[in-house]
Each structure stands twice: as structure tokens, then as C-alpha cells.
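**Student:** one predicted model, sequence on top.
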Amino acid sequence: MKNDIINVALPKGRLGDNVYEMFSKAGYRCPELENPGRKLVFENSEAGIRYFWVKPSDVAIYVEKGAADIGVAGKDILLEYRPDVYELLDVGLGKCRMAVAAPKNFRDDPRKTLRVATKFPNVAKKHYSSFGRDIEIIKLNGSIELAPILGLSDVIVDIVETGATLRQNNLEVYETLFGISARLIANKPSYRFKDEKIKRIQDGLAAVKGAEND
Amino acid sequence: MKTLSQDGLAGRLCSLYERSGYRRYKMSKFEEYDLYARNKDFLVSENVLTFTDLDGRLMALKPDVTLSIVKNTRGEQGLEKVYYHENVYRASGGAPGFREIAQAGLECIGDVDEYCVCEVLSLAAKSLTEISPDCELDISHLGILCELLDSAKLSGGARALAIELMGDKNFGELEELLKTENIPEDIAERLILASRLNCEAKEASKKLKELLGGIVADESLKLFCDTCDFMHEEFPNTVKVDFSAVGDLNYYSGIFFKGYINGVASGVLSGGQYNGLMRKLKKTSRAIGFAIYLDLLEPLFEAEYGFDADVLLVYGEGTPAAKIYGVAKELSQGDKSVCVMKEYPQNMKFREVYRISAGGETVREK
């Protein structure tokens, strides 16, 4: 771990683009990253920063294991995997919610085990165990909405942004569990040994967020 | 910088603890499973490797050392100071499956007073500097934290969530929680400022007294401030006060601390006063201790692992054994490791390579 540069894990996709824009506005622009070609790692040594794109669900792993000093990950991922990292700032991007969704007119019959399809088994288990509901988790990796349509599950626990996909498939939000947004996270030892630089980035991003909210 | 190998480091740590009067505690690899089943929250991972012993008892391969020491130690009168270097068996680092993990540490059990607390904290700081001078020991006080949460009248789920958020340095959500719970502004502000505290030990006393005076009992505040001052005097560049160092309040009370090494991806040392655990195990005495997770230090051993041996000596067909032995002996002078092989081995690296011919002529290869 070199101490002169901060390694940042950015989530691939639209969220990552928006996060990079915030970093850029905070003074951590990296021209290399704006014309990526086939490179995987982008550095601006003057600004003391190095970026790399990773799968959104992997950001927390890169940070927890110290390959990245900081990163931006969704609250959904943090609650599902519970990585041992600091959660320094809600960057205010990628806002959506975690919800239980079900076919329209669904009625939860407590005499039956509830079949729950989800990409987030730990979140689902925690929610239902909080009131003792007996459930069967069906872990899926994508197209969760298909599960209740084909009778694979009674409900789904998934991220809902606008609800359009649910509506198109005759599903609706049955219960909202919590709000989600992207968070700036930090590796615990990095926060100690690169503290000044990380705190400066944190303050810079907070200032950008504040300016955008004004 | 000293060469760092796991065995060498463990030896130096053991010697450090022995010089402070701690006795080695050697234990069996097995313990009755019931002990862990009753104290699952105290364990790093609740998965335990079990087996049925010949007499029908359900046994476990030790996932933790402290529980066994506390269970087996008397420590009701006087003091028991012990250290250990043992392997434990548990799931680790999110990897599927169990691992054998080397752990070293110490426990001070019995009539634990302020001197004992300072001694254990000093040994924790010395252990970290023994591993690397680029280290940090963060200390907090869970008793003070509890008093602060009591003053905010936070209980149950909200209290547990507040502690979790403090541990995550998630001050945004902590603020929201305190608002939702209608905590008076003055108390909420002090709670947030205290949980944000991350400063050198020398500044801690003044800041803590300003922040917590009148809320936390004067005596506990004074004792903690004295400890901070002492640690600053002894280890000015190593110790910080950071209230994000939190542990399970059912087991830990009083001083709690975590140690970090630059270049290692997670905390390598964890410890504190675990009077709660003592009460759960129906012991009237007090206790403090810490553990160092030696498996996490592997990244620091890499430099040493760069070469499999200092010297490789390759001999040809027909070279007399006595000649090979003699050359190997000569090459090993100056404490060098020498590997003697008939052919250059695959997947091994050496600093120097020598070749000895059938006639006994030795040539160093470039």
C-alpha cells in the first residue's frame, strides 16, 4: 500500500460516471479516465489519486481488503454483505429503495411459508426474522421480477427505483424496507495511515453535494 | 527494520510478555462445545467445528482462546497474568470453510486495577511496534460510551443501532437516528462530537472533559483521561483516542482498543476489559486482555518469502557426496540458507545459484 496516492474503487455504470463527476468537481479530475481505451487503472499523480472501475457489488470487497483505500458503494450492498469498512458519507446519488414487491392483490397467508425470491438473502432474512415470519429464501442473480410471475416465489425483495418494471409485470410494492443511496466507504487502516488525504476527499465530496443541493 | 517471519515474530511477542511477568498458558485444542454455544456473540465467527468425543460429549476445536482461559482460570483472588500463542479454528475473512489461524495474546484476570489496564495497553502498543513502527493503537472507553447513551435515554434497538453507526463512522445516519428518537439537541450534539473524536491521546483529556463533563461520572472520566495521558507519555506517536473502536457491550466494558499496521488491510489487534464476559461465566473478578491475529500479518512477511533460500547448490551426476556436503557447508557460512538439489527446481527462487561439477569444481551462475 503506497501512502502517496489514494486508490479509489468506482462502481461501473451510470452511478460510477456520476460519482466520478463529483470527484472531478471536488478537484480530483483524471483526464486519463475520460478517454479510457483499454486501460483498467487511471492515475492522476498530481492530484494523488488512482481510479479503477469494478463491478458495483465488488466495490466493498476491494475496500475491505485494502486494494482500494476508498470507494463508492450502494447502501443495499453494505447492508447485504456487512463489510468491515467505514461509511463516511452519503453522496446522495443512486437514490432508490429496498422493497418487498408482490403480484397485485397479493395477500400474505400466515399459515404458509412465504417464498421470497431475492438477490439480497441477508436483507430479506433480517426483515422477516424481525417479526418471526417463516420464509423460504430463493436466491436469484437477476430477473427477480420473473419469480412471482412464474410461481417460483410469492414475493420478491429487490431494489425499486421508479417502479416501472414492477408495473409492467403486474407487480406492486407491498412494503418499503429502507431507502438506498450511494455511500463513500473507506478501508479502516487506510483511514488511519492516509487520514488527511481521505478526510480532504470526504470534505470535498460533501461540499460538491452541498452545492448541488442548494 | 527487523526481518519479519511469523515464527520469529511470535517468539519476540512471547518474550515481550514473559519479560513483563506473564506466564505461558498452554491449552488443549478441544473444549466442550457448550461453552461456545452459550457465548456465541463473543466469538469472531459463530461457526464452530464440532465432533462427538468417545464418551459422547459434543466437543469443539477451539475457535477462541479467551473463553477457555477465563473458564479454566481461578483468578478470584489476586491476579493471574497469562499469555498464549495458539492456533484457533474458525471461518475467516468471508472465505467459505474453516481455517486454522495463529493467534497470540494475553489476559490479565483477577483484581484488575488501573495499573493493570495501563500495563496491558502498553504491551498492546509494544506488540504493534514489534510488528512494525508504522502502527496505530486506537483506544476508547465503552463505560463512558454507555453513560453517554444512558444520558440520551437510548435503549433497545436504537441503542444497538447507535453503537453500530458509531463503529462505522456513519455520522450522517447517527444524526438522523438521534433526531428520530427525539434526543435533546445538547445531548445529541455531544454524542456526535464524542463519536467523531479521533485525536492524539495528549489532546483527548481536554476534549473529553469539555465534551462529557457533567454527563459522565467524574471518576470514570478522570481515570480514562489519566490513562490517555499515560499512554501519550509512553507512546506519543502510536496511540490515538477514537470512539469508533466499539465492541459488544454484553461482554466488554471500560477500556476497548484496536491496533492497526500500515500495509495490512484490517485491524490486527483487538482487546479490552471484558468484565461482562466474566459475569456471564459467573466469575466475580475483572479481566482485560487482547489478541493479535497473526494470519493477517502475512502481507508483511512477503519480503522474506521473496526467496525460498539464499543459495541453491546444484550438483551433477557422480559428484562425491562428501564434496557436495563440504561446499554446502562453506556456502552456508554467515547464516545463509542453502538448498542442495540435483536439478534447478521449478517454481523456486534463490538469491545465488552455484553449480558443482563431478570433479568438484564450483562455479557461481549469473
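**Tutor:** Received the coordinates, thanks. Residues are numbered from 1 along each chain as shown, chains lettered A, B, ... in the order given.
**Student:** CA atoms for contacts and neighbours, from now on please.
**Tutor:** Noted.
**Student:** what's the burial count for residue 130?
**Tutor:** Reading this off chain A. Counted by other Cα atoms under 10 Å in any protein chain shown, the residues lying close to residue A:130 total 8.
**Student:** meant chain B actually
**Tutor:** If you count neighbours by other Cα under 10 Å, residue B:130 ends up with 17.
**Student:** do you know how far residue B:39 is from chain A?
**Tutor:** The gap separating residue B:39 from chain A is 21 Å, by Cα to the nearest Cα, to the nearest Å.
**Student:** and that residue, how far from residue B:246?
**Tutor:** 18 Å (Cα to Cα, to the nearest Å).
**Student:** residue B:117 now?
**Tutor:** Using Cα to Cα, residue B:117 is found at 17 Å from residue B:246.
**Student:** so which of these two has more stuff around it?
**Tutor:** Neighbour tally, residue B:117 and residue B:246, criterion other Cα under 10 Å: the higher count belongs to residue B:246, 24 against 20.
**Student:** what's the closest non-adjacent residue to the more buried one?
**Tutor:** Nearest in space to residue B:246, with sequence neighbours left out and distances taken as Cα to Cα, 6 or more residues apart in numbering or on different chains, is residue B:167 at 5.8 Å.
**Student:** the one you found touches residue B:248, doesn't it?
**Tutor:** No. Between residue B:167 and residue B:248 no contact is recorded; they are 10.9 Å apart, counting by Cα atoms under 8 Å.
**Student:** so which of the two has more stuff around it?
**Tutor:** It is residue B:167, of residue B:167 and residue B:248, that has more neighbours when counted by other Cα under 10 Å, with 21 against 15.
**Student:** what sits against that one?
**Tutor:** Applying Cα atoms under 8 Å, 6 or more residues apart in numbering or on different chains to residue B:167 gives the contacts A:86, B:243, B:244, B:245, B:246.
**Student:** quick check, nearest of those residues to residue A:104?
**Tutor:** Minimum distance to residue A:104 across those is 39.5 Å, recorded for residue A:86 (Cα to Cα).
**Student:** CA atoms only for the one helix or strand the closest one maps to, dumped as CSV, please.
**Tutor:** Using DSSP states H and E, residue A:86 sits in strand A:85-90. Extracted C-alpha coordinates of strand A:85-90, given in CSV (Å, rounded to 0.1, in the frame of the first residue of the first chain):
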residue,chain,number,x,y,z
VAL,A,85,-15.4,-0.6,6.4
TYR,A,86,-16.2,3.0,7.5
GLU,A,87,-19.2,4.6,5.9
LEU,A,88,-18.1,8.2,5.7
LEU,A,89,-20.6,10.0,3.6
ASP,A,90,-24.0,9.6,1.8
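**Student:** so is that strand next to chain B?
**Tutor:** Yes. Applying Cα under 8 Å from any Cα of the partner chain, one finds that strand A:85-90 is in contact with chain B at A:85, A:86, A:87, A:88, A:89, A:90.
**Student:** list the contacts for the spatially most central residue of chain A?
**Tutor:** The centre of chain A sits closest to residue A:74, judged by Cα atoms, centre = their mean, with a distance of 1.6 Å. Taking Cα under 8 Å, 6+ apart as the criterion, residue A:74 is in contact with A:56, A:94, A:180, A:181, A:182, A:183.
**Student:** helices along the stretch 201-350 of chain B, start to end?
**Tutor:** Applying DSSP state H, counting those that start in this stretch to the stretch 201-350 of chain B gives helices spanning B:201-212, B:218-234, B:275-280, B:298-305, B:321-331.
**Student:** nearest to chain A, of those helices?
**Tutor:** The minimum distance between chain A and the helices of the stretch 201-350 of chain B falls on helix B:298-305, with 10.1 Å, by Cα to the nearest Cα.
**Student:** so residue B:106 belongs to a helix, correct?
**Tutor:** No. According to DSSP: H, G, I helix; E, B strand; the rest coil, the state of residue B:106 is strand, so it is not within a helix.
**Student:** what's the spacing between the closest residue to it other than its chain neighbours and chain A?
**Tutor:** The shortest distance from residue B:106 to any non-neighbouring residue, by Cα to Cα, 6+ apart, is to residue B:83 (3.9 Å). Look at residue B:83 and chain A: by Cα to the nearest Cα, they are 26 Å apart.
**Student:** can you list contacts of stretch B:268-285?
**Tutor:** By Cα under 8 Å, 6+ apart, the surrounding residues in contact with stretch B:268-285 are B:70-71, B:75-77, B:109-112, B:124, B:249-261, B:286-294, B:296-297.
**Student:** with stretch B:116-134 instead?
**Tutor:** Residues contacting stretch B:116-134 (Cα under 8 Å, 6+ apart): B:4, B:9, B:12-13, B:16-17, B:108, B:135-137, B:227, B:230-231, B:234-235, B:238-239, B:255, B:259-262, B:269, B:288-290.
**Student:** before we move on, what about stretch A:176-187?
**Tutor:** In this structure, residues lying in contact with stretch A:176-187 by Cα under 8 Å, 6+ apart are A:60, A:63-66, A:68-76, A:84-100, A:127, A:202, B:265-266.
**Student:** report the rounded mean pLDDT for that stretch.
**Tutor:** Across stretch A:176-187, pLDDT averages out at 96.
**Student:** and what of stretch B:122-138?
**Tutor:** pLDDT averaged over stretch B:122-138 equals 96, rounded to a whole number.
**Student:** swap in stretch A:104-116?
**Tutor:** 92.
**Student:** neighbour-wise, which one of the contacts of residue A:74 leads?
**Tutor:** With neighbours taken as other Cα under 10 Å, the top of those is residue A:182, carrying 25 neighbours.
**Student:** skipping adjacent residues, who's closest to that residue in space?
**Tutor:** Counting by Cα to Cα, 6+ apart, residue A:182 lies nearest to residue A:74, which is 4.2 Å off, once chain neighbours are set aside.
**Student:** follow-up on the earlier one: got CSV for the contacts of residue A:74, with secondary structure too?
**Tutor:** As requested, those are arranged in CSV below (three-state DSSP):
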residue, secondary structure
A:56, helix
A:94, coil
A:180, strand
A:181, coil
A:182, strand
A:183, strand
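**Student:** closest one of those to chain B?
**Tutor:** Chain B lies nearest to residue A:183 out of the contacts of residue A:74, by Cα to the nearest Cα, at 9.7 Å.
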